[in-house]
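*Asks:* coords please:
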Amino acid sequence: MTEMLALYIFMLAAFTGYEIIAKVPVILHTPLMSGSNFIHGVVVVGAIIALGHADSLTEQVIGFFAVALGAANAAGGYVVTERMLGMFKKKEGA
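*Replies:* You can find the predicted model right below:
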């Protein structure tokens, strides 16, 4: 795959993702975040596989950051989801 084709696919995916997420009502953000956490987990697995096939130092550095940022994003999503769901739990004294 050429660099131009890869850049085109990346830009198309980024634009499509932005347009889809921008039109989501506020009430649906919690269920969508739970679903996106699953997708981020798949992204982390893909980044680990890509890192395993990295040959040059540049590819290894990019792969490392992909794994680290993907894992942080997935973990942060679960933390935010847990806090949002905690708002709907009954208080013990009430």
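*Asks:* what pLDDT, on average, does stretch 75-88 get?
*Replies:* Averaging pLDDT along stretch 75-88 gives 79.
*Asks:* same check, this time on stretch 57-68
*Replies:* For stretch 57-68, the per-residue pLDDT averages 90.
*Asks:* Just say helix, strand or coil for the residue most central in space within the chain.
*Replies:* Nearest to the geometric centre of the chain sits residue 40, at 3.8 Å (Cα atoms, centre = their mean). Put simply, residue 40 is helix when judged by DSSP: H, G, I helix; E, B strand; the rest coil.
*Asks:* Assess the claim that it and residue 70 are in contact.
*Replies:* Yes. In this structure residue 40 lies within contact range of residue 70 using Cβ atoms under 8 Å: 6.0 Å. (C-beta placed from N, C-alpha, C; glycine too.)
*Asks:* which residues does the residue nearest to the centre of the chain contact?
*Replies:* 70, 73, 74, 77 (Cβ atoms under 8 Å, 6 or more residues apart in numbering).
*Asks:* Which of the helices or strands spans the third one?
*Replies:* Residue 74 is located in helix 57-86, with elements delineated by DSSP states H and E.
*Asks:* again, but for residue 90
*Replies:* Per DSSP H and E, there is no helix or strand for residue 90.
*Asks:* Dihedrals phi and psi, it?
*Replies:* phi -70, psi 140 (degrees, to the nearest 10).
*Asks:* please begin residue numbering at 105 from this point
*Replies:* In the new count, where the first residue is 105, that last one comes out as residue 194.
*Asks:* how much space between it and residue 186?
*Replies:* 16 Å (Cβ to Cβ, to the nearest Å).
*Asks:* which one of those two has more residues nearby?
*Replies:* residue 186 (9 against 6; other Cβ atoms under 10 Å).
*Asks:* count of neighbours near residue 151?
*Replies:* 20.
*Asks:* Many thanks, we can stop here.
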